[in-house]
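A.B. asks: mind looking at a prediction? Sequence and model below.
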Amino acid sequence: MGGQQEEEPSVRLFREYLRIQTVHPQPDYGKVHPGRTVVIISWEGTDPKLKSILLNSHTDVVPVFEEHWKHDPFAAVKDEQGNIYGRGTQDMKCVTIQYIEAIRRLKSEGKRFPRTIHLLFVPDEEIGGVNGMAKFVHCEEFQAMRVGFGLDEGLANPTDAFTVFYGERSVWWVTVHCPGCPGHGSRFIENTAAEKLRKVLNSFLGFREKEKKRLDLSQCLTLGDVTTINLTLLQGGVAYNVVPEEMMASFDIRIPPTVDLKAFEEQIKTWCQDAGDGVVYEFHQKGMDQSVTSIDKSDPWWNAFSSTCQKLDMTLQCEIFPAATDSRYIRAMGFPAIGFSPMNRTPILLHDHNEFLNENVFLAGITIYTGLLSALASLPPMQADA
Ligand SMILES: CSCC[C@H](NC(C)=O)C(=O)O
Ligand SMILES: [Zn+2]
Ligand SMILES: [Zn+2]
């Protein structure tokens with residue numbers, strides 16, 4: 001609990017890490033790992049020929065609106081209930097320290113496992129990972145790790161259960177260009193950009209409405225199972241009384257792995273064609289990999305993961321991650337990866353004001369990783385090792 005008692009050293013380390021300002025747009029990565037952007041720490045297994053366990057975490061955090069926080073977001077204040085406040089408490093500095101502390105505990109108990117465990121610390125996940133994980137998976141250092149199975153971040157769960165992510169939706173960022181006839185703002189100009197834009201908006205947002213209804217009316221679907229479309233940028237126009245020659249709308253689209261991406265792009269093409277002459281779309285982000293990780297009991301990695309959770313009396317909810325994490329790059333390279341942040345009984349506060357994690361939930365997570373790592377790193381040779 002907060003205050004009086006001697007603080008657990010792992011909680012102290014977590015709070016110390018939270019105080020390092022790895023916040024965008026200018027993250028202080030130098031204080032995390034001086035002179036390095038990506039860091040690998042490896043605990044070699046007794047049989048290093050076997051494929052390894054990759055524990056990935058990003059070191060950056062998203063910006064804050066400080067005026068909305070009840071405590072300094074970089075002071076790691078712990079209140080009377082043991083809630084630790086700070087940017088990154090959930091996303092994902094908790095997980096980084098839990099990995100480290102689980103390994104420290106296993107080592108201090110004299111444990112050694114057949115499979116190597118790699119801790120990987122990467123930058124820039126919060127800005128898409130272009131100069132982080134996206135690049136790193138193509139480096140020889142990544143190849144040399146000989147990954148068998150990866151763990152990366154997930155989300156908190158407000159109930160007793162823990163959420164586990166076995167895949168992610170594809171991210172498509174699309175800008176639609178609507179050209180039109182210009183002219184004086186006092187006239188009925190024919191074939192304007194705005195009229196085309198209206199059709200585009202109706203098509204895209206009409207589909208959004210249908211998907212929202214599908215989710216709202218379903219008992220079993222989660223956000224990761226439906227397509228979301230949000231209008232996020234509008235551009236165009238030069239003056240109140242000038243009908244512009246172009247207007248543009250940009251959309252953030254997230255598509256579940258079960259959707260046929262080719263067919264979906266055809267749909268976008270049709271919406272644009274139906275909006276009028278010259279309406280075209282361009283991609284700023286077009287995720288095409290739809291790999292998902294097996295959550296079948298016959299899969300040895302999943303079996304080790306889920307059996308450990310069962311032994312620890314944990315209830316799991318398996319879902320598709322609604323947004324994007326670095327695990328998409330791991331899966332795209334053909335490796336199984338699970339998104340998991342052991343935070344039950346915790347509101348989902350990533351990227352939000354007053355992000356916090358209770359120290360007891362944090363400490364329980366270390367025990368969970370201790371069990372998971374023991375099971376995963378002890379898995380006997382399997383087909384994937386060939
Ligand atoms: C596509 S790169 C941006 C990544 C970001 N991830 C999260 C977890 O917010 C997102 O899904 O928007
Ligand atoms: Zn994150
Ligand atoms: Zn994030």
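C.D. replies: The structure has been received and is ready for your questions. Ligands and ions are numbered 1, 2, ... in the order given.
A.B. asks: switch to C-alpha atoms for all contacts and neighbour counts from now on
C.D. replies: Noted.
A.B. asks: now the closest residue to ligand 1 within the stretch 1-150 of the chain: how far from Y329?
C.D. replies: In the stretch 1-150 of the chain, the residue that lies nearest ligand 1 is G128 (3.4 Å; Cα to the nearest ligand atom). Distance, G128 to Y329, by Cα to Cα, to the nearest Å: 11 Å.
A.B. asks: now do C220
C.D. replies: Counting by Cα to Cα, the gap from C220 to Y329 is 28 Å.
A.B. asks: which of those two has more neighbours?
C.D. replies: Neighbours were tallied for C220 and for Y329 using other Cα atoms under 10 Å; the higher tally belongs to Y329 (20 against 8).
A.B. asks: the more buried one reaches V137, doesn't it?
C.D. replies: Yes. Y329 is within contact range of V137, at 7.0 Å (criterion: Cα atoms under 8 Å).
A.B. asks: flag the shaky bits of the stretch 1-150 of the chain, pLDDT-wise.
C.D. replies: 1-4 (pLDDT under 70).
A.B. asks: tell me the residues of it that contact ligand 1?
C.D. replies: E126, I127, G128 (Cα under 6 Å from any ligand atom).
A.B. asks: most neighbours out of those residues, which is it?
C.D. replies: Within those, most neighbours by other Cα under 10 Å means E126, with 21 neighbours.
A.B. asks: check contacts around that one.
C.D. replies: Contacts for E126 (Cα atoms under 8 Å, 6 or more residues apart in numbering) come out as D60, V61, V62.
A.B. asks: filter those residues down to the buried ones and hand me the ChimeraX line.
C.D. replies: In ChimeraX syntax, the buried subset of the contacts of E126 is picked out as below (16 or more other Cα atoms under 10 Å):
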select :60,61,62
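A.B. asks: okay, the spatially most central residue of the chain and ligand 1: tell me how far apart.
C.D. replies: For the chain, the residue nearest the mean C-alpha position is T325 (2.7 Å; Cα atoms, centre = their mean). Distance, T325 to ligand 1, by Cα to the nearest ligand atom, to the nearest Å: 5 Å.
A.B. asks: kindly report the same for K262.
C.D. replies: 19 Å.
A.B. asks: before we move on, what about L372?
C.D. replies: 23 Å.
A.B. asks: what does the stretch 251-386 of the chain put close to ligand 1?
C.D. replies: So the stretch 251-386 of the chain meets ligand 1 at A323, A324, T325 (Cα under 6 Å from any ligand atom).
A.B. asks: wait, what's in contact with V292?
C.D. replies: Going by Cα under 8 Å, 6+ apart, the list of residues near V292 reads Y166, G167, E168, P257, R331, P336.
A.B. asks: repeat for M343
C.D. replies: Counting by Cα under 8 Å, 6+ apart, M343 touches L155, A156, N157, F162, L357, V361, F362, G365.
A.B. asks: now the two most distant members of those.
C.D. replies: Among the contacts of M343, the pair separated by the greatest distance (Cα to Cα) is F162 and L357, at 14.5 Å.
A.B. asks: if we can go back for a sec, can you redo the contacts of V292 as JSON lines with pLDDT and neighbour count?
C.D. replies: JSON lines is the format used below for the contacts of V292 (pLDDT from 0 to 100; neighbours: other Cα atoms under 10 Å):
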{"residue": "Y166", "pLDDT": "98", "neighbour count": "23"}
{"residue": "G167", "pLDDT": "98", "neighbour count": "28"}
{"residue": "E168", "pLDDT": "98", "neighbour count": "28"}
{"residue": "P257", "pLDDT": "98", "neighbour count": "21"}
{"residue": "R331", "pLDDT": "98", "neighbour count": "22"}
{"residue": "P336", "pLDDT": "98", "neighbour count": "24"}
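A.B. asks: what's the helix or strand for the residue nearest to the centre of the chain?
C.D. replies: Applying DSSP states H and E as the criterion places T325 outside every helix and strand.
A.B. asks: next, it: phi, psi?
C.D. replies: phi -130, psi 180 (degrees, to the nearest 10).
A.B. asks: surely it and L155 touch.
C.D. replies: No. T325 lies out of contact with L155 (Cα under 8 Å); the separation is 10.9 Å.
A.B. asks: what's the longest helix in this protein?
C.D. replies: helix 193-217 (DSSP state H).
A.B. asks: in the stretch 101-250 of the chain, which spans are helices?
C.D. replies: 133-136, 140-144, 193-217 (DSSP state H, counting those that start in this stretch).
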